[in-house]
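Participant: From the sequence below, what's the structure:
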Amino acid sequence: MSDGSARQVARALVEASALIYQPGSTVTFRSGLRSPMYVDGRRLIFHPGPWHVVIEALRSTLEAGPVEADIVAGVETAGIPHSSALAFASRLPSVFVRKEAKEHGLGRRVEGGDVAGRRVALVEDLVTTGGSSLDAVRALRDAGAKVTDCLAITTYGFDGVSSAFDGAGVRLTVLTTVATIVDEATASGTLDRVAADDIRGWLADPARWSGRIA
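Facilitator: Predicted coordinates:
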């Protein structure tokens, strides 16, 4: 993504109130890290204008290459609206991946259609450590899909994420970063400089930040 496109997507997320800063009630990630903020991509679906900007950015990325896909997939639940909208805009089939197979019915993790032998691009709203995304990749591959690409709206940029995707043979393409979202929120006055500095301090060393308030 160009810097201009990344900032445009970041502004869309700010306009959709997706950047949530709550220092008095921290968010705890699965890894145990605690954060004063969160990016809630689920809020995009309530704001058609900003959501359209993000879906168009995903579509442009998909169509510009080198991503090649016959099918677009989303991860339950946050990724499903974005993957479905992208598939609709790109006139491609869409599926979604359950976090766990249902105990009743057919017991599938991949729902919507047969992915065997097809190239599938996975869509995520937010990549934190990459664990849930790569688990979905494994589920798709177990169903016979060829998965080499993951498209994400944003990421925190944690150390080790890129190497985890590289190790799984998956190219991670991100529209914008949390740091860019913070910059745009600060520029628009949505976030004051004290809050922005707190978030930037967390991004620079989330383990140390978490240790201060543990």
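Participant: Check the offset of stretch 65-83 from the chain's centre.
Facilitator: 10 Å (C-alpha atoms, centre = their mean, to the nearest Å).
Participant: Only alpha carbons, please: show it as PDB.
Facilitator: Extracted in PDB, the C-alpha atoms of stretch 65-83 (Å, rounded to 0.1, in the frame of the first residue of the first chain):
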ATOM      1  CA  GLY A  65      -1.600  -8.300  -7.700                       C
ATOM      2  CA  PRO A  66       0.500 -10.200  -6.900                       C
ATOM      3  CA  VAL A  67      -2.400 -11.700  -4.900                       C
ATOM      4  CA  GLU A  68      -4.300 -14.300  -6.900                       C
ATOM      5  CA  ALA A  69      -7.600 -15.700  -5.700                       C
ATOM      6  CA  ASP A  70     -10.500 -17.700  -7.000                       C
ATOM      7  CA  ILE A  71     -12.300 -17.400  -3.600                       C
ATOM      8  CA  VAL A  72     -12.300 -14.900  -0.700                       C
ATOM      9  CA  ALA A  73     -12.400 -16.200   2.800                       C
ATOM     10  CA  GLY A  74     -13.100 -14.600   6.200                       C
ATOM     11  CA  VAL A  75     -12.500 -15.700   9.700                       C
ATOM     12  CA  GLU A  76     -15.400 -16.000  12.100                       C
ATOM     13  CA  THR A  77     -16.700 -13.600  13.100                       C
ATOM     14  CA  ALA A  78     -15.100 -10.200  12.600                       C
ATOM     15  CA  GLY A  79     -13.600 -11.000   9.200                       C
ATOM     16  CA  ILE A  80     -16.800 -12.300   7.600                       C
ATOM     17  CA  PRO A  81     -18.500  -8.900   6.800                       C
ATOM     18  CA  HIS A  82     -15.300  -7.600   5.100                       C
ATOM     19  CA  SER A  83     -14.500 -10.800   3.200                       C
END
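Participant: Spatially, which residue comes closest to residue 80, not counting chain neighbours?
Facilitator: residue 74 (4.2 Å; C-beta to C-beta, 6 or more residues apart in numbering). No exception for glycine: its C-beta is placed from N, CA and C like everyone else's.
Participant: next SSE after the helix or strand hosting that neighbour?
Facilitator: Residue 74 belongs to strand 71-75 when assigned by DSSP states H and E. Later in the chain than strand 71-75, the nearest helix or strand by DSSP H and E is helix 80-90.
Participant: same for the helix or strand that that following helix is followed by, what does it pack against?
Facilitator: Next helix or strand after helix 80-90 toward the C-terminus (DSSP H and E): strand 94-97. Using 3 or more C-beta pairs under 8 Å, 6 or more residues apart in numbering; DSSP states H and E, the elements in contact with strand 94-97 are strand 71-75, helix 80-90, strand 110-111, helix 131-142.
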